[in-house]
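Colleague: model the following, please.
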Amino acid sequence: MNYILFDTPDREQLKPFTFTRPIAELRCGILRISEKWNLRLQTTCSWKTQDYLQQKFPLVTAADNVFINATVLPTDELVTAIQNLQENTAIVKNGELIAARCKKYENATLTRFGGELQHIRHPWHIFMYNGKQINVDFELLTAGRTSQKLSNTNTVLGEENIFVEEGAEVECAILNARNGKMYIGKNAHIMEGAIIRAPFALCEHATVKIAAKIYEDCTIGPHCKVGGELQNSVLLGYSNKGHDGYLGNSVLGEWCNLGADTNNSNLRNDYSEVKVWNYATQRFMKTGLQFCGLIMGDHSKSAINTMFNTGTVVGVSCNVYGAGFPRNFFPSFSRGGAEGMQEYALKQACDTAARVFARRGKEFDETEQKIFEHIFNETHKFRRF
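Modeller: You can find the predicted model right below:
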């Protein structure tokens, strides 16, 4: 069977991250959603997403296709149910399509799924579910394998819950894995004096810098660099928070950079429920959370000493700078801060992205430029400065 992960209308709720990727390319835990399905199904899934993203994330079809709701985090029970799907049948839960093996959903025989499911429907779900997903992915990735040994320069608690991939370097760190799993990816680096509590994931080629303080439920995506203080936060990949400053209950996309001493608030002074900007309704919505920090889309950056207020949403390719707290919704392709904002020219944004890509040996090619152009035009209505 050929497996396809399809975007749902929740894509609108998951912006700014789904401006630049299908839902299935979001990371929660150690792995992206697509990687979780690939490992469990022992295949390579493709994507059914927006037309402007489809060239970068191609759709592969065959005579026998199984479509899977990309917001769903896989479980053993659901994987078994999907693998046992017969032709012209579909799995639903609470009226929502979960998976289908058919050409036309309207003609399918419906089977109701009785197990528990977890969906990524809003950006804050990424950090909310991250600790549990680290533990789930850890078991998936390490089953039947042997960890590399940690050197005796480290202080380690719960070593049986730590897995170190080949090429990782960890010296003179304090690692506490008594209350969760800790995954240290291939060629990752934890520098001297870092203090880390599990659940925690450091993906391949990522770096924790000297004397960093990292609390539970954090994932540092591939090729990221982090320093300072982090708590319950996820960096999707290729992003840097390399200096002192606090990041809590937050998600950063790819190719982001937080300047030195950037801090975010994750708790309102009156301890009330946090509201954040919602792209689907184009207004602020309640999250149901008391703790919610920074939601930052791909290619966005902050200057040194930037302060982000509770529940701030920053779009794609933004430059945030200046004194005081900037507004808590920063439209894509905008620059400035509390003292005023202006549009960030598309050509300048593309030129910057090309230089950033080149530093990592990648090319900001025509496909990437077209994605930028689409997002720039789609978000023009929000840039009314």
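Colleague: flag the shaky bits of this protein, pLDDT-wise.
Modeller: Applying pLDDT under 70 to the chain flags no residue at all.
Colleague: ok, which stretches of it are helices?
Modeller: Ranges of helices in the chain, per DSSP state H, are 10-13, 33-41, 51-54, 76-83, 123-128, 130-142, 346-359, 366-378.
Colleague: L140 - how many residues pack around it?
Modeller: Using other C-beta atoms under 10 Å, L140 has 16 other residues around it. Backbone N, C-alpha and C define where each C-beta goes, glycine included.
Colleague: which residue is the nearest non-sequential neighbour of it?
Modeller: In space, L140 comes closest to L39 once its chain neighbours are excluded; the distance is 5.7 Å by C-beta to C-beta, 6 or more residues apart in numbering.
Colleague: ok, and the closest non-adjacent residue to E87?
Modeller: Leaving aside its chain neighbours, E87 sits nearest to R101 (5.9 Å; criterion: C-beta to C-beta, 6+ apart).
Colleague: can you give me the separation between that neighbour and P9?
Modeller: R101 is 22 Å from P9, where distance means C-beta to C-beta, to the nearest Å.
Colleague: who has more neighbours out of those two?
Modeller: Under the criterion of other C-beta under 10 Å, the comparison of R101 against P9 puts R101 first, with 21 against 9.
Colleague: residue contacts, the more buried one?
Modeller: 1, 64-67, 85-90 (C-beta atoms under 8 Å, 6 or more residues apart in numbering).
Colleague: and those residues, which is closest to D76?
Modeller: Lowest distance from D76 to the contacts of R101 (C-beta to C-beta) belongs to L85, with 15.6 Å.
Colleague: what are the bridge partners for the residue lying closest to the closest one once chain neighbours are set aside, then?
Modeller: Once flanking residues are discounted, L85 sits nearest to R101: 4.2 Å by C-beta to C-beta, 6+ apart. Beta-bridge partners recorded for R101 (DSSP bridges): T89.
Colleague: need the residue in this structure that's farthest from the chain's center.
Modeller: Centroid-distance maximum for the chain: N107 at 35.3 Å, with C-alpha atoms, centre = their mean.
Colleague: measure it to F113 for me?
Modeller: Going from N107 to F113 by C-beta to C-beta gives 19 Å.
Colleague: same question, H189
Modeller: As judged by C-beta to C-beta, H189 and F113 stand 42 Å apart.
Colleague: list the contacts for the nearest residue to G288 once chain neighbours are set aside?
Modeller: Nearest residue to G288, sequence neighbours excluded (C-beta to C-beta, 6+ apart): E273, at 6.6 Å. Neighbour list for E273: 286-290 [criterion: C-beta under 8 Å, 6+ apart].
Colleague: would you check that the residue nearest to L140 makes contact with E139?
Modeller: No. Contact criterion C-beta atoms under 8 Å: L39 and E139 do not qualify, at 11.0 Å.
Colleague: higher neighbour count, those two?
Modeller: L39 (14 against 10).
Colleague: give me the number of residues near A108?
Modeller: Counted with other C-beta under 10 Å, the neighbours of A108 add up to 20.
Colleague: that one and I91 touch, don't they?
Modeller: No. Counting by C-beta under 8 Å, A108 sits too far from I91 to count as a contact (9.5 Å).
Colleague: intersection of neighbour lists for the two?
Modeller: Jointly contacting A108 and I91 under the rule C-beta under 8 Å, 6+ apart are A100.
Colleague: list the contacts of the closest residue to F333 other than its chain neighbours.
Modeller: In space, and not counting its chain neighbours, F333 is closest to Y344: 4.6 Å by C-beta to C-beta, 6+ apart. By C-beta under 8 Å, 6+ apart, Y344 lies in contact with 317-319, 333-335.
Colleague: can you check G340 too?
Modeller: F385.
Colleague: Y238 now?
Modeller: Y238 is in contact with 221-224, 254-255, 360, counting by C-beta under 8 Å, 6+ apart.
Colleague: and the gap between it and E339?
Modeller: 30 Å.
Colleague: list the buried residues in stretch 11-30.
Modeller: 11, 13-30 (16 or more other C-beta atoms under 10 Å).
Colleague: kindly report the same for stretch 334-354.
Modeller: Within stretch 334-354, the residues scored as buried using 16+ other C-beta under 10 Å are 334-337, 341, 343-344, 346, 349-350, 352-353.
Colleague: distance to A280 for those residues - can I get that in a markdown table?
Modeller: Below are these laid out as a markdown table (distance: C-beta to C-beta, whole Å):
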| residue | distance to A280 |
| --- | --- |
| S334 | 20 |
| R335 | 25 |
| G336 | 26 |
| G337 | 26 |
| M341 | 23 |
| E343 | 23 |
| Y344 | 24 |
| L346 | 25 |
| A349 | 24 |
| C350 | 27 |
| T352 | 29 |
| A353 | 26 |
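Colleague: what's the most distant pair in the residues you listed?
Modeller: G337 and C350, at 22.4 Å, using C-beta to C-beta across those.
Colleague: tell me the contacts of F200?
Modeller: Counting by C-beta under 8 Å, 6+ apart, F200 touches 134, 177, 180-183, 214, 216-219.
Colleague: at 6 Å instead, please
Modeller: Applying C-beta atoms under 6 Å, 6 or more residues apart in numbering, we find F200 in contact with 182, 218.
Colleague: from T379, how far out is it?
Modeller: F200 is 34 Å from T379, by C-beta to C-beta.
Colleague: cool, and G322?
Modeller: In this structure, G322 and T379 are 21 Å apart, going by C-beta to C-beta.
Colleague: F357: neighbour count?
Modeller: Around F357 there are 17 other residues, counting by other C-beta under 10 Å.
Colleague: which of the contacts of R101 has the most neighbours?
Modeller: Within the contacts of R101, V66 tops the neighbour count with 22 neighbours, counted by other C-beta under 10 Å.
Colleague: residues in contact with that one?
Modeller: V66 sits next to 1, 3, 101 when contact means C-beta under 6 Å, 6+ apart.
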